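whatever this is, show me its structure:
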Amino acid sequence: MAVPKMYSGVAAWWPLISAPADDDYVEDARLARQLLEQACDARPSTLLELGSGGGNTASHLKAHFDMTLVDLSPEMLEVSRALNPECEHVQGDMRSIRLGRVFDAVYVHDAIMYMTSEADLRAAIERAHGHCRPGGAVLFVPDCVRESFQEGETTHGGEDAPDGRGVRFLEWDMDPDPGDDQFTTHYVMIFREADGSTRIEHDVHTCGLFGRDTWLRILRDVGFEVRIVPDQWRTDNFVAKRPT
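You can find the predicted model right below:
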């Protein structure tokens with residue numbers, strides 16, 4: 001899997017692209033904790049996050065769990081280590097990682113969007129299942145499913161650092177072929193160095209787009225009991241319990 005520039009060449013800028021203190025991360029962590037604690041047969045103490053990125057959500061969860069963070073990008077893991085030095089960090093692909101142990105709970109946030117085929121999605125779900133103890137639970141939080149995807153949706157953001165550096169970005173979702181299981185997100189990012197010089201990067205992310213029925217079919221095929229919990233952002237939270 002090719003790693004986008006945002007998570008490789010410019011990964012060191014991640015805290016300015018997406019700040020850990022953002023209220024969205026606080027709410028993501030609060031809801032994840034609530035849903036996982038409700039779904040597990042006993043209060044979970046160990047949590048595996050697959051596709052943990054720069055560790056922003058983990059920074060709000062680590063006070064409640066003993067966390068292991070897995071990500072494909074070594075550059076993003078370095079960002080996360082600086083933010084979450086008390087957490088275990090492992091480089092790996094969520095489709096194939098085998099840690100040789102199980103956890104009370106597993107969390108897979110928006111990195112699941114980079115599963116661009118049903119085979120990839122199934123592989124990631126199987127690995128999450130394999131790392132979850134019987135009676136535990138997995139929370140999958142895709143940015144969108146086919147039913148909630150909005151063609152042409154745009155967002156923007158960015159932050160400034162005390163040393164004068166800064167980032168601003170525009171994000172634009174496109175669906176070149178509505179008949180397939182993918183869409184693209186284009187990012188235009190402007191970076192300002194401490195000396196005032198600027199540069200622009202264009203980054204294209206290819207993401208998977210699957211209907212709720214596909215999600216539910218695969219989750220149940222793999223062996224989960226599953227329910228969907230919508231949140232305030234119209235996001236489908238797939239709460240998947242591994243039966244005892």
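
what residues are up against the residue nearest to residue 111 when sequence neighbours are not counted?
Nearest residue to residue 111 in three dimensions, chain neighbours excluded: residue 51, at 2.3 Å (C-beta to C-beta, 6 or more residues apart in numbering). (C-beta placed from N, C-alpha, C; glycine too.) By C-beta atoms under 8 Å, 6 or more residues apart in numbering, the contact set of residue 51 is 70-72, 94, 108-112, 114.

return the member of the residues you listed nearest to residue 167.
Using C-beta to C-beta, the shortest approach to residue 167 within the contacts of residue 51 belongs to residue 110, at 18.8 Å.

distance of that closest one relative to residue 155?
Applying C-beta to C-beta, to the nearest Å, the value for residue 110 to residue 155 is 13 Å.

including neighbour count, could the contacts of residue 51 go into a markdown table?
Formatted as a markdown table, the contacts of residue 51 follow (neighbours: other C-beta atoms under 10 Å):
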| residue | neighbour count |
| --- | --- |
| 70 | 24 |
| 71 | 26 |
| 72 | 22 |
| 94 | 26 |
| 108 | 25 |
| 109 | 23 |
| 110 | 16 |
| 111 | 23 |
| 112 | 24 |
| 114 | 21 |
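
pick out whichever of these sits closest to residue 101.
Closest to residue 101 out of these is residue 70 (12.4 Å), distances taken as C-beta to C-beta.

which helices and strands sit right next to the lengthiest helix in the chain?
In terms of residue count, the longest helix belonging to the chain (DSSP state H) is helix 23-39. Other helices and strands packing on helix 23-39, by 3 or more C-beta pairs under 8 Å, 6 or more residues apart in numbering; DSSP states H and E, are helix 58-61, strand 103-108, strand 132-140, strand 236-241.

average pLDDT for it?
Averaging pLDDT along helix 23-39 yields 96.

in stretch 167-187, what counts as buried?
For stretch 167-187, burial by neighbour count (16 or more other C-beta atoms under 10 Å) applies to 167-169, 171, 173, 175, 181, 183, 185, 187.

grab the nearest non-local neighbour of residue 124.
Closest residue to residue 124 apart from its sequence neighbours, by C-beta to C-beta, 6+ apart: residue 94 at 4.7 Å.

show me the contacts for that neighbour.
For residue 94, the contact set (C-beta under 8 Å, 6+ apart) comprises 50-51, 70, 72, 108, 111-112, 124, 127-128.

not counting its neighbours along the chain, what's nearest residue 27?
The shortest distance from residue 27 to any non-neighbouring residue, by C-beta to C-beta, 6+ apart, is to residue 232 (7.8 Å).

before I go, just wanted to say thanks for your time.
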